[in-house]
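[1] what follows is a predicted structure for the sequence shown.
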Amino acid sequence: MNRARYRLVALATLPFLLALAVDLILFAVLRDRLPDRLASQFNGSGGAPSDYTSRTSWVAVATGLSVGLAVVWGAIAATADFAVRGARWAIGAGYAVAGLVGYLLAVMLYVNLDAVDGSEARMPLWHLAVALGVGALAAGVGALLLRLVKLPEVVPSPGPGLVERLDLGESEVAGWARRAPSRTLCGVGLALLAAGGGLTYVYGWGRAAAPLVCGLVTLLCSCAYVTVDRHGLTARPTVLPWPRVRIPLADVDRAVSREVKALAEYGGWGYRVRPGRSGLILRSGEAIVVRRTGGREFAVTVSDSATAAALLNTLAEREAVRR
């Protein structure tokens, strides 16, 4: 990795290590005022304790959770094709998670402060609102710090129509396949899982189910597997056979490679539907755009889209001749 990449990895891991340092210093200062049995989980009615842990276990969990999250976000930042937009989203999400988890671990100490036993501790729900506010503030700090880091340059993608057809003999068979990961959705999924993990640790499974399920679904759908072959254009999640979008060769009028803007053209990320077009938009940038025989367009953001478009045009023409 070059120096810019190292700086980016350091920036991604920094908030988790800082939050851990603050929590451990706070624990060391307050240790003598904490009970041997700490309340570690709380229910929603009055914030009464529902589970307990020892002081040693609290240190182990805080350290393992913070270091684990730092490793995950460091790995995201070290990804080779880490784009500028993806960096902003992932760094912001990392700082938000670090702020939220760090606050919840710290407030867990404060609610147990000077209690004879952890059963006396109470954590009202307003602490959760404060934790979300701390996370949002931390995300803003991360976005500001990111401006100080010169990000690795992104190789420009090909423009529309650079390659429109591939020369294939009548007896030749060809296929094309690429994975199309979304740093944005991956960061959002990891952030939701981390938030769910923090809520589980504090409030139990009940209040953490929604972010955990949403995070898992987002993470599973954050990388598409796109193929062009005799079946046409197919796009589905890499680790799941469904949901799947397929455009058969008979429905292909023309395919091109061009740049798309997720927000400006499609209003966001994921499977998007707009008047006259739809698409699997996992990021802004290079995409294969197929004009169907009915006039509608379908786009998939994926690298090497010029080759995919050229092969799809060739296979569609061959299919038309055979019909």
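    Arrived safely.
[2] which ones are touching residue 77?
    The contact partners of residue 77, by C-beta atoms under 8 Å, 6 or more residues apart in numbering, come to 5, 8-9, 11-13, 87, 90-91. (Glycine included, C-beta is placed from N, CA and C.)
[3] which residues does the residue nearest to residue 58 when sequence neighbours are not counted bridge with?
    Leaving out its chain neighbours, the residue that sits closest to residue 58 by C-beta to C-beta, 6 or more residues apart in numbering is residue 38, at 5.7 Å. In this structure, residue 38 has the following beta-bridge partners (DSSP bridges): residue 53.
[4] can you give me the distance of residue 38 to residue 101?
    Here the distance between residue 38 and residue 101 works out to 17 Å (C-beta to C-beta, to the nearest Å).
[5] so for these two, which sits in the more crowded spot?
    Regarding residue 38 and residue 101, a neighbour count based on other C-beta atoms under 10 Å identifies residue 101 as having more, with 29 against 22.
[6] residues near the nearest residue to the more buried one once chain neighbours are set aside, how many?
    Across the structure, with C-beta to C-beta, 6+ apart as the measure, the residue nearest residue 101 apart from its sequence neighbours is residue 198 (4.5 Å). Summarising burial for residue 198: neighbours were counted as other C-beta under 10 Å, giving 24.
[7] report the lowest-confidence entry in the contacts of residue 77.
    Note: of those, the lowest pLDDT belongs to residue 87, at 57.
[8] which sections of the protein are below the confidence cut-off?
    For the chain, the stretches with pLDDT under 70 are 1-2, 4, 44-46, 78-89, 149-163, 199, 201-207, 323.
[9] who touches residue 66 in this structure?
    Counting by C-beta under 8 Å, 6+ apart, residue 66 touches 16-17, 19-20, 23, 98, 101-102.
[10] quick one: what helix or strand has it in it?
    Secondary structure assignment for residue 66, by DSSP states H and E: helix 55-77.
[11] pull out the buried members of the contacts of residue 66.
    Applying 16 or more other C-beta atoms under 10 Å to the contacts of residue 66, the neighbour count classes 16, 19-20, 23, 98, 101-102 as buried.
[12] want to throw those into JSON lines with secondary structure?
    What follows is the buried ones among the contacts of residue 66, written out as JSON lines (DSSP: H, G, I helix; E, B strand; the rest coil):
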{"residue": "16", "secondary structure": "helix"}
{"residue": "19", "secondary structure": "helix"}
{"residue": "20", "secondary structure": "helix"}
{"residue": "23", "secondary structure": "helix"}
{"residue": "98", "secondary structure": "helix"}
{"residue": "101", "secondary structure": "helix"}
{"residue": "102", "secondary structure": "helix"}
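[13] of those residues, which is the nearest to residue 192?
    Distances from the buried ones among the contacts of residue 66 to residue 192 were compared by C-beta to C-beta; the smallest belongs to residue 101, at 12.6 Å.
[14] where do the helices of the stretch 101-250 of the chain begin and end?
    For the stretch 101-250 of the chain, the helices identified by DSSP state H, counting those that start in this stretch occupy 126-146, 183-203, 205-220, in order along the chain.
[15] residue 62 is nearest to which of those helices?
    helix 183-203 (9.5 Å).
[16] could you measure from the residue nearest to residue 40 when sequence neighbours are not counted over to residue 37?
    Sequence neighbours aside, residue 53 is the residue nearest to residue 40 in space, at 4.1 Å (criterion: C-beta to C-beta, 6+ apart). Distance, residue 53 to residue 37, by C-beta to C-beta: 8 Å.
[17] contacts only, for residue 101.
    Counting by C-beta under 8 Å, 6+ apart, residue 101 touches 19, 65-66, 69, 194-195, 197-198.
[18] can you report how many residues lie near residue 265?
    16.
[19] what about dumping the CA coordinates of stretch 59-66 to CSV?
    Taking only C-alpha atoms (Å, rounded to 0.1, in the frame of the first residue of the first chain), the coordinates of stretch 59-66 have been written out as CSV:
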residue,chain,number,x,y,z
VAL,A,59,-12.9,-4.9,30.0
ALA,A,60,-12.6,-8.0,27.8
VAL,A,61,-15.8,-7.3,25.8
ALA,A,62,-15.0,-3.6,25.4
THR,A,63,-11.5,-4.4,24.1
GLY,A,64,-12.6,-7.3,21.8
LEU,A,65,-15.5,-5.3,20.3
SER,A,66,-13.5,-2.1,19.7
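[20] just the buried positions in it, please.
    So stretch 59-66, judged by 16+ other C-beta under 10 Å, has buried residues 59, 62, 65-66.
[21] tell me, how many residues neighbour the closest residue to residue 210 other than its chain neighbours?
    Closest residue in space to residue 210, ignoring its immediate chain neighbours: residue 196 at 7.8 Å, by C-beta to C-beta, 6+ apart. Residue 196 has 21 neighbours, counted by other C-beta under 10 Å.
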